[in-house]
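>>> coordinates for the following, if possible.
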Amino acid sequence: MTNSGQKKPSNAEVDTLFAVYNSGNFQHSESICRQLLENYPESGFVLNMLGVIQDATGRSTEALQSYEKAVEVEPGYADAHNNIGIALKVLGKPEEALASFKKAVEIDPDYGDACNNLGVVLQESGEHDAAAPHFATAIRLNPNAPFFHFNNANSQRAQGKLREALSSFDKAISLRRGFAEAYNNRGNLLEDMEQYEEARKSYSYAIQFNRDYSLAYVNRGQVQQKLGQYEGALEDFKQALELASRDSLAGDQNLQFRLQVNVGDLLLFFRRYEEAIAAYDEALKLEPESLDVVAFKGNPVAALGRIEEALTLIQKGFGFISFDRDSGVSIKHG
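Next up is the predicted model:
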């Protein structure tokens, strides 16, 4: 029977729900939410918690519907507006997410998470100047939140505030031990500052804390090339390729293509010509129309003494200059 005289569950009921949710038993906690909604159908808190549980079990669309019901019954519920923004962002609707985060901050200007989320959406759309004050507010409200400093650092770097960004990355790292993403992005920043050895060290820390961090291997390989540490670069690119074939970057065909080209170039440098050819062939499987790689392949082929084949590849890739009295100078391939 619906309890029409009370809109909110008791403290004891809330404590029970939190205890079950925090134990990781999402099925039971969802069941409790649904039972509570029979008695408290206008409880924004219970509807919001139902959305949180649905989010935790990968049901973003259902979660969004629960959050939206929460703000229908309690329009001033800042937490539900913030959660709507998170769900919309996951569903690929950044403009709608932005509006929800703005609403959450409007309702509660001291809501640090909502300020940070608002800043992130602006950051991801390239509006770093607009994002900056929201990160500043989030940090003022919760100075010990490492991701607030991390996000702020990324925008500071994009704004060209390199020293400030370095300080923010260092702060994020000091607040969260093993913050691999911060070490990786700090390495990017140090490369911007042409501090290549320090960048290499930062990428190494990222890898130390996350041995499967493909992008950190890529970045360390690139900076080792700049430092002339070619053997290390080759090993990093190979490791990145191995990881990219089985982790979340497996779908990034462009990354794998670039890695195969880098591996081919380094193998050519080390005069491992057959292996270089194999790497270029793998790159061409990913991007068959890449004429540059066709030409690159000509170099190890030539080194193996197959001159006619090499010339054919180089002409096909780079082309050769042709002059015609009517059409003028042009590059012809093949």
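
>>> in the stretch 51-200 of the chain, which spans are helices?
Listed from the start of the chain, the stretch 51-200 of the chain has helices (DSSP state H, counting those that start in this stretch) covering 60-73, 78-90, 94-107, 112-124, 128-141, 146-158, 162-175, 180-192, 196-209.

>>> quick one: those helices as TSV, columns for distance to Gln229, mean pLDDT and mean neighbour count too.
Placement of C-beta: from N, CA and C, glycine included. As requested, the helices of the stretch 51-200 of the chain are arranged in TSV below (distance: least, C-beta to C-beta, whole Å; pLDDT from 0 to 100; neighbours: other C-beta atoms under 10 Å):
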stretch	distance to Gln229	mean pLDDT	mean neighbour count
helix 60-73	44	94	20
helix 78-90	39	95	24
helix 94-107	40	96	20
helix 112-124	33	97	24
helix 128-141	33	97	19
helix 146-158	25	97	23
helix 162-175	23	98	19
helix 180-192	14	98	22
helix 196-209	8	98	20
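
>>> with Gln27 as the reference, name the closest of these.
Nearest of those to Gln27, taken as C-beta to C-beta: helix 60-73 at 14.2 Å.

>>> using PDB, write down the CA coordinates of the closest one.
Extracted in PDB, the C-alpha atoms of helix 60-73 (Å, rounded to 0.1, in the frame of the first residue of the first chain):
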ATOM      1  CA  SER A  60      22.700   4.000 -19.400                       C
ATOM      2  CA  THR A  61      19.400   4.500 -21.200                       C
ATOM      3  CA  GLU A  62      17.300   3.100 -18.300                       C
ATOM      4  CA  ALA A  63      19.400   5.200 -15.800                       C
ATOM      5  CA  LEU A  64      18.700   8.300 -17.700                       C
ATOM      6  CA  GLN A  65      15.000   7.600 -17.500                       C
ATOM      7  CA  SER A  66      15.200   7.200 -13.700                       C
ATOM      8  CA  TYR A  67      17.200  10.400 -13.300                       C
ATOM      9  CA  GLU A  68      14.700  12.300 -15.400                       C
ATOM     10  CA  LYS A  69      11.800  10.900 -13.200                       C
ATOM     11  CA  ALA A  70      13.800  12.100 -10.200                       C
ATOM     12  CA  VAL A  71      13.900  15.700 -11.400                       C
ATOM     13  CA  GLU A  72      10.200  15.500 -12.400                       C
ATOM     14  CA  VAL A  73       9.200  14.900  -8.800                       C
END
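
>>> so which elements touch that helix?
Contacts defined by 3 or more C-beta pairs under 8 Å, 6 or more residues apart in numbering; DSSP states H and E place helix 60-73 against helix 44-56, helix 78-90.

>>> give me the distance from the last one to the chain's centre.
Relative to the mean C-alpha coordinate of its chain, helix 78-90 is positioned 19 Å out (C-alpha atoms, centre = their mean, to the nearest Å).

>>> so that helix versus helix 112-124, what angle?
30 degrees (axes from the mean of the first three to the mean of the last three C-alpha atoms, to 10 degrees).

>>> same question for the first one.
Helix 44-56 runs at 50 degrees relative to helix 112-124, counting by the same axes, to 10 degrees.

>>> any idea how far Asp55 is from Val120?
Between Asp55 and Val120 the distance is 17 Å, computed by C-beta to C-beta, to the nearest Å.
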